[in-house]
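>>> fold the following, please.
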Amino acid sequence: MLKENLKIQLLSRVFSFWIQSLRIDLVLPPDFKPGVLALWHQDLIGCAAAFKKKNVHVLVSQSHDGELFSKSISLLGYQVVRGSDTRGALNVRHLKRALEKGCFVGMAMDGPKGPPLKCKPGTLWLVEKSGAPAWQLRAEYCRFFRLKSWDRMIIPFPFSKIKVFVDYFEPSFKKKNGVK
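Next up is the predicted model:
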């Protein structure tokens, strides 16, 4: 167990240094304010680099991979809540409290297991219950490769450029109910 903890500690430091090496161009809308930062799982790394040291509260899976990511982004100033749509879904409520305090919160819309690029109910619930604005993050990468995982995660090369666009996101429950 001690050996595993040391391994996670070392890897998380290396991972956080790598994320800090990425050169980010963040494109924000003029009315940008605290709310839900919604992204696709494939863009976790680029979006984590874009909002480092901004005290964003995020939901991270309780999986083994989530442990490494959680420790890494904690080093970058993120406030981490562990949970997912399958284990610990009630932890989304902690993000709601952070929104009520005027903080940004972040979630992967397609959850920890997918299917990819399909919005799960957690993000929609959070936006609906909090009344906070939802912002969709979209990243464009200069130099990267993709993993052959369920989400086709994008892995940017160290020191590469990433442009992250933030756009207002209108969740589907608002469209169905005619609310704007």
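
>>> count the neighbours of Asn55 for me.
The burial count assigned to Asn55 is 11, neighbours taken as other CB atoms under 10 Å. All C-beta spots, glycine's among them, are computed from the backbone N, C-alpha and C.

>>> can you pull the contacts of it?
If you count contacts by CB atoms under 8 Å, 6 or more residues apart in numbering, Asn55 has them with Gly77, Tyr78, Gln79, Cys103, Phe104.

>>> assumed it was part of a strand.
No. The assignment for Asn55 is coil, going by DSSP: H, G, I helix; E, B strand; the rest coil, so no strand is present there.

>>> now do Ala49 against Pro112, distance only.
Separation of Ala49 from Pro112 (CB to CB, to the nearest Å) stands at 20 Å.

>>> which helices and strands sit right next to the top helix by length along the chain?
The helix spanning the most residues in the chain, taking DSSP state H as the definition, is helix 2-21. In terms of contacts (3 or more CB pairs under 8 Å, 6 or more residues apart in numbering; DSSP states H and E), helix 2-21 is packed against helix 44-50, helix 64-74.

>>> can you show me the CA trace of the first one as PDB?
This means helix 44-50. Once side chains and other backbone atoms are set aside, the C-alpha atoms of helix 44-50 remain, and they are given as PDB (Å, rounded to 0.1, in the frame of the first residue of the first chain):
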ATOM      1  CA  LEU A  44      -9.900  16.700 -19.500                       C
ATOM      2  CA  ILE A  45      -6.200  17.500 -19.800                       C
ATOM      3  CA  GLY A  46      -6.500  20.600 -22.000                       C
ATOM      4  CA  CYS A  47      -9.300  22.000 -19.900                       C
ATOM      5  CA  ALA A  48      -7.500  21.200 -16.600                       C
ATOM      6  CA  ALA A  49      -4.500  23.200 -17.900                       C
ATOM      7  CA  ALA A  50      -6.800  26.100 -18.900                       C
END
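
>>> so what touches that helix?
Helix 44-50 is touched from outside by 19-20, 22, 24, 26, 37, 39, 69, 73, 76, 78, 106, 108, 137, 139, 141, 153-156, 162, 164, with contacts defined as CB under 8 Å, 6+ apart.

>>> show me which of the residues you listed are buried.
Of all the contacts of helix 44-50 considered here, the ones buried according to neighbour count by 16 or more other CB atoms under 10 Å are 19, 22, 24, 37, 39, 69, 73, 76, 78, 106, 108, 137, 139, 141, 153-154, 156, 162, 164.

>>> which of the helices or strands spans Val58?
strand 57-60 (DSSP states H and E).
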